[in-house]
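J.: Any chance you can model this:
(chains A, B and C)
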Amino acid sequence: MNSGKPVHVRVYVMVFLALLALTATTAAVAFVDLGATWNTTVALAIAIIKALLVILFFMHVLYSRPLTWVFVGAGFFWLSLLFTLTLADYATRNIGSAPQTNAPRQSSEVMPRVSK
Amino acid sequence: MRAVNPSLNTCRVKWNMSKSHPDLLHHFDDPEQQLDAAQSGMWLFLATEVMFFGGMFIGYTVYRDAYFEVFAHASNHLNVWLGSINTAVLICSSLSMALAVHSAQAGHRKQIIFFLLLTMLLGTVFLGIKFTEYYHKYEERLIPGLAFDFKQGNPGYAAIFFSFYFAMTGLHALHMTIGLGLLAFLVAKAARNRFSPVYYTPVEMIGLYWHFVDIVWIFLFPLLYLVGRHG
Amino acid sequence: MIDKAPDRRLHYLNVSYGVKSWLFTTDHKRIAWLYLLSVTFFFFIGGFFATLLRLELLTPQGDLVQAETYNKLFTMHGVMMVFFFLIPSIPAILGNFLIPMMIGARDLAFPRLNLASWYIYMIGGLLTIGAGVAGGVDTGWTFYTPYSSIYSNSHVALTVCGIFINGFSTILTGINFIVTIHKMRAPGMTWFRMPLFVWSHYATSIIFILGTPVVAIALALVALERVFRLGIFDPELGGDPVLFQHLFWFYSHPAVYIMILPGMGVVSELIPCFSRKRIFGYSFVAISSLAIAVLGFLVWGHHMFVSGQSIYAGMIFSLFSMLVAIPSAIKVFNWTATLYKGSISLDAPMLYALGFIGLFTIGGLTGIFLATLAVDVHVHDTYFIVAHFHYIMVGGAVMAYLGGIHFWWPKMTGRLYPEGWARLAAVTIFIGFHLTFFPQFVLGYLGMPRRYHAYPPEFQVLNVMSTAGASILAVGYLLPLIYLIWSLRYGAVAGMNPWKATGLEWQTPSPPPTDNFDETPIVTREPYDYARGEPQSEYVPGEVEHV
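T.: Below you'll find the predicted structure:
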């Protein structure tokens, strides 16, 4: 619950416009070749900013008590645990196997296909 | 009577709700405690939703990392325009939902109903566009398990992409549908004048839910629609 | 202090009568009873499947049931026991009943949600039993893909639906507990004055909330794969079955802490009471509950050492698994230190608590063996694993559950159970347990694999011992069923505090009034404030000031 005065409508409208602008940006940047890694990074960064805007302003977290921040943070922190340790498996499955060439990594090396 | 708890925020809404207010439940000491509890409970529920969708996000991440080229080709089969429009539609619905909560806080009954109905309309538009997209995929034979036919790369990997596409957007659409039901419930309550500046908890709580569903789409859109769009 | 005449005052059991007053109740104490009845029902169903398993294993040949049927038996045994008995047992029964009382509240934060939890639990449970009646499921309670998602010819989707629905029940309970503990403590009930039972349920609720959704999505994806052919785990498409295992065990490992933490909370209440001593190291025990809940989320890969998971990830999981033993060990040391120089009385609840400490220690130490990657490679999927987790689940969690039921029985019913029979049952269970499960450690180490209905003849003696023990265990479990029901009518009337225990729940009549306390208590004393060696009288003036 926000802590007293309601949030001014102006704030909502500004956040709304920012969200639309960021959506347009993310769609536009997708059509520019920055390399796979950077395209993904930019897309995720924009998504995170949009999510933060919604959380802080539309969901009033900016105006909420610290316990709410803890609950919000806990959800995303636990998600990071799931991501980190699962990716730790997939990232290290092929260490020590045949040396990589400079060619783009073939998908089949990461997840060997069961022969049909 | 409240627990002595120095960690509680000292900024508070001044409550004028008397202890005999019909919406104050008997096991709470005062309305403030009840609202605090409702808010905490809803955030904990949203944390479960983060983990629920998160399980699909990690699965998607693993396969996208492994099969990037095919995922890119598959992603290009999705309609970027419809996806972008849908994203904008949801953002508008988040604004209207926030304004509905704002109206409830101010006690403007007609405005509450207007913004709730607007949110519902936008949500319905979203679902309409979504099912149109699904129908397109059906026509293009890109639904796994239904005569799936993909020619721009390994069909198995593409099937995995589309499996995630349908599972993630499908579950998202299910949440939206439930949200529409909740909003209808709010409209009914608002029409009967059940909300006031001292009690609008359900509006705020369902607002949180609606914003969360928007956030899920904020991540789904770039991850599903914008893979390898350049060149 | 035990008066012979049953009292005529109003309390939560007699305030209203009729089926509707029970099925539509929002009183946390009545909901606890609803859970008690249904949890007991599911326990005996799970036990029925276990009986058939052990009967089959009396002989080396697979002669009682076919292999596929056997697979269905151990699957249903596991599903029933894990999801419908162990996970809800202490939290949904004792947690529901006691948490509001222990913190001085009138009810949980969301009473209607509490009732909804029970209905959701029943729907999930009945759906799962329905799947069993329809033919059962043979994938093991672990539902590994691609067998469960593609090749099994059994009722996977239906069973998975039942478990998925049940997950909501536990999530709602977890939300209820956490909000209640944060927001509804009585004046003076600071965090470090709360009973350790409450701390352990807070920690358990963290796991309910943050872990359950991940297994929910894992099982939902299996169901989607079966029904709609969305082939996420299908190797033929390039999918990785191990991904399912990651999602499954991300919850199911912390789930075992869901099953043990409440039991540890019970033991933390029993040991001080029956030693007449303040618990040793209260804050360590409290914080270790949270540590177990958090660290428990970092170890799931130790179920996957031989699955094809990266060996480096395996090493990380192995290391974390060693670490998670530390807070558990801290608890055991603290309980032992509490016993030291205490004035010990061996009532039935204490017998269960002492049994817990011994059996949980054995089970936990064998967990360290298994956390050692190289050892696990040899004993994975053998009876060593089966013995390990039964020591903790049965020797630990079930014993704590029974200890708690007996300890708080007078509070819940206003009646005393017959102490002699209760001690006999506790000892019977302890003996039966050892005879059932210790031979399984040996069997596993000798190489007998789990989930097989036939085995080489040289393993028969140990299997016969195990089945014999199981029959003794069954007697031990039936005894409380009989005498506890008997006590409802014929047991001696209990006073407010027959154990002379500390805690707010003992400061209100047995059975309690619907709102738990006539006036909101104000807490001024530290927890477990047992004067050394001196029994406390039932009501200490000034201990709790009523406003």
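J.: low pLDDT regions in chain A?
T.: A:1-5, A:96-116 (pLDDT under 70).
J.: repeat that with 90
T.: Within chain A, the ranges that satisfy pLDDT under 90 run A:1-8, A:33-37, A:94-116.
J.: Equivalent analysis for chain C, please.
T.: Using pLDDT under 90, the flagged stretches of chain C are C:1-9, C:62, C:229-231, C:518-526, C:529-547.
J.: Let me see the ranges of the strands in it.
T.: C:521-523, C:544-546 (DSSP state E).
J.: Could you list every helix and strand that the first one packs against?
T.: For strand C:521-523, the elements it packs on are strand C:544-546, judged by 3 or more CB pairs under 8 Å, 6 or more residues apart in numbering or on different chains; DSSP states H and E. In short, each C-beta sits where N, CA and C put it, glycine included.
J.: Tell me how many other residues surround the residue in chain C positioned nearest to chain B.
T.: Here the residue of chain C nearest chain B is residue C:229; by CB to the nearest CB that distance is 2.7 Å. Using other CB atoms under 10 Å in any protein chain shown as the criterion, residue C:229 is surrounded by 17 other residues.
J.: Quick check: chain neighbours aside, which residue is closest to it?
T.: In space, and not counting its chain neighbours, residue C:229 is closest to residue B:145: 2.7 Å by CB to CB, 6 or more residues apart in numbering or on different chains.
J.: and the one you found, what does it touch?
T.: Each residue near residue B:145 by CB atoms under 8 Å, 6 or more residues apart in numbering or on different chains is listed here: C:228-231.
J.: Check the gap between it and chain A for me.
T.: Per CB to the nearest CB, to the nearest Å, residue B:145 is found 17 Å from chain A.
J.: Would you agree that residue falls within a helix?
T.: No: counting by DSSP: H, G, I helix; E, B strand; the rest coil, residue B:145 is located in no helix; its state is coil.
J.: Tell me the buried residues in the helix or strand where residue B:55 lies?
T.: Per DSSP states H and E, residue B:55 falls inside helix B:31-66. Neighbour counts using 16 or more other CB atoms under 10 Å in any protein chain shown place B:31-60, B:62-66 of helix B:31-66 among the buried residues.
J.: list the helices and strands it packs on?
T.: helix A:66-91, helix A:107-110, helix B:155-191, helix B:201-220, helix C:156-183, helix C:196-228, helix C:241-275.
J.: Adding distance to residue B:140, write those out as TSV.
T.: TSV is the format used below for the helices and strands packed on helix B:31-66 (distance: least, CB to CB, whole Å):
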stretch	distance to residue B:140
helix A:66-91	30
helix A:107-110	23
helix B:155-191	10
helix B:201-220	20
helix C:156-183	28
helix C:196-228	17
helix C:241-275	27
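J.: now the ones you listed in CSV, with distance to residue A:7 and mean neighbour count?
T.: As requested, the helices and strands packed on helix B:31-66 are exported to CSV (distance: least, CB to CB, whole Å; neighbours: other CB atoms under 10 Å in any protein chain shown):
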stretch, distance to residue A:7, mean neighbour count
helix A:66-91, 15, 18
helix A:107-110, 47, 16
helix B:155-191, 19, 20
helix B:201-220, 12, 23
helix C:156-183, 24, 24
helix C:196-228, 28, 26
helix C:241-275, 37, 26
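J.: Those helices: which one's closest to residue B:99?
T.: Closest to residue B:99 of the helices and strands packed on helix B:31-66, according to CB to CB: helix B:201-220, at 9.9 Å.
J.: angle of that closest one against helix B:31-66?
T.: 10 degrees (axes from the mean of the first three to the mean of the last three CA atoms, to 10 degrees).
J.: Helix B:201-220 and chain C in contact?
T.: No: for helix B:201-220, no contact with chain C is found by CB under 8 Å from any CB of the partner chain; the gap never falls below 11.8 Å.
J.: Assign a three-state SS to residue B:23, would you?
T.: Residue B:23 ends up coil, using three-state DSSP.
J.: distance of it from chain A?
T.: Applying CB to the nearest CB to residue B:23 and chain A gives a distance of 15 Å.
J.: does residue 95 belong to a helix or a strand, and which?
T.: Assuming you mean chain A. Residue-wise, residue A:95 maps onto no helix or strand under DSSP H and E.
J.: my bad, the chain I had in mind was chain B
T.: helix B:80-106.
J.: Return the set of buried residues in that helix.
T.: B:80, B:83-84, B:86-105.
J.: can you check stretch A:39-53 too?
T.: A:39-40, A:42-43, A:46-47, A:49-51, A:53.
J.: again, but for stretch C:456-470
T.: Buried, per 16+ other CB under 10 Å, within stretch C:456-470: C:459, C:462-463, C:465-470.
J.: Repeat that for stretch A:16-26.
T.: A:16, A:19-20, A:22-23, A:26.
J.: ok, and of the residues you listed, which contact chain B?
T.: A:16, A:19-20, A:23, A:26.
J.: So which of those residues are in helices?
T.: Using DSSP state H, the subset of those located in helices is A:16, A:19-20, A:23, A:26.
J.: quick one: contacts for residue A:89?
T.: C:242, C:246, C:301, C:309-310, C:313.
J.: ok, 6 Å please
T.: Each residue near residue A:89 by CB atoms under 6 Å, 6 or more residues apart in numbering or on different chains is listed here: C:309-310, C:313.
J.: Near chain B, which residues of the stretch 151-300 of chain C are found?
T.: C:171, C:175, C:179, C:183, C:185, C:187, C:209-210, C:213-214, C:217, C:224, C:228-232, C:237-239, C:243, C:247 (CB under 6 Å from any CB of the partner chain).
J.: what number of residues lie near residue C:283?
T.: Neighbour count of residue C:283, defined by other CB under 10 Å: 11.
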